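Chemist: With the sequence up front, the predicted model follows.
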Amino acid sequence: MTVDPKRLSGRIALVTGGGRGIGRAISEQLAAAGAAIAVNYRRDAGAAAETVEAIESSGGVARAYPASVDDAEAMAVMVDSVAEDLGAVDLLVCNAGIASRGNSVADTDPDELIRVLHTHAVGAHHACRLVLPGMRRADRGDIVMISSVAAHRHGANGAPYSMAKAAMESLAFTLANEELVNGIHVNVVAPGLVETDMGVRLARAIYAKREMEDLRELDADFPFGRVCQPSDVADVVTYLCSDGAGYLTGQRIVVDGGAGSARSR
């Protein structure tokens, strides 16, 4: 996809979990389209700093902000800091996430269930609630939630993750109805298996916990002869936040190469 460097000029984007994997690709793509980027991270300050440096070295504007998305107070401090440094957020990408451990429902630790739900769904709720007041005053607002095909394919041994993504999608569709009157677009992007560190962990659970270090060994099993890349997801996010998608809200776009099967979760 060719990116118009002025497509998102003047926009202020907050990307949760924006320093690594899919989040980094989204941060860099939105910056290439002209947005100023707030790169949120929980623990990996080094990765967030590298993402900021990559954006700035390409002529973009970015800053890194620590906060665990499931901590409402920390998120409130972060959103205030972003507004002070860059301006009010008018583009939010809820991307922060963690993998579940690949256990059956019977063997799942209750603490794991709560942790995964809080990270994906409760954290997204915090982020949306905090940015909405400023976003409502903007010429245009966009919220994109990074879900997963797992939310609808319900594979065995992944209940916490599937439940969390399904709850996130429910939040998105509710919010799309609530905020339509305010001109805010809310959409969902649901990738299949993506080549990231978390993708490796998910693949180990999906493929009977087989040892796997490089997802590219699965290329032959996937559409177009390759596993989905972070940039594939970032392209769709960037499009959804552009004028070209000005009449889209409440949509769920699956990014799995058209696989439509459980093998691409």
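Modeler: The structure has been received and is ready for your questions. On a predicted model such as this, the values are computed, not experimentally measured, just so you know.
Chemist: next helix or strand past the helix or strand of the chain with the lowest mean pLDDT?
Modeler: Averaged element by element with mean pLDDT, DSSP states H and E, the chain has its least confident helix or strand at helix 197-206 (a mean of 69). Past helix 197-206, heading to the C-terminal end, the next element that is a helix or strand (DSSP states H and E) is helix 230-240.
Chemist: Which helix or strand lies directly C-terminal to that following helix?
Modeler: Moving toward the C-terminus from helix 230-240, the first helix or strand encountered (DSSP H and E) is strand 252-255.
Chemist: hmm, who's touching that next one?
Modeler: 147, 149, 169, 187-192, 228, 232-233, 236, 240 (Cβ atoms under 8 Å, 6 or more residues apart in numbering). Just so you know, the C-beta spots here come from the backbone N, C-alpha and C atoms, and that holds for glycine as well.
Chemist: Then stretch 85-93?
Modeler: Contacts for stretch 85-93 (Cβ under 8 Å, 6+ apart): 8, 11-16, 18, 23, 26, 30, 35-36, 38, 61, 63, 79, 82-83, 127-128, 131, 134-135, 137-146, 237, 241.
Chemist: before we move on, what about stretch 22-29?
Modeler: Contact with stretch 22-29 is made by 3, 13, 15-19, 37, 39, 47, 51, 54-55, 58, 62, 93, 95-96, 146, 191, 194, 196, 229-231, 233-235, 237-238, as judged by Cβ under 8 Å, 6+ apart.
Chemist: go on, stretch 176-184?
Modeler: Counting contacts by Cβ under 8 Å, 6+ apart, the residues outside stretch 176-184 that touch it are 132, 135-136, 139-143, 175, 185-187, 249-250.
Chemist: Good, wrapping up.
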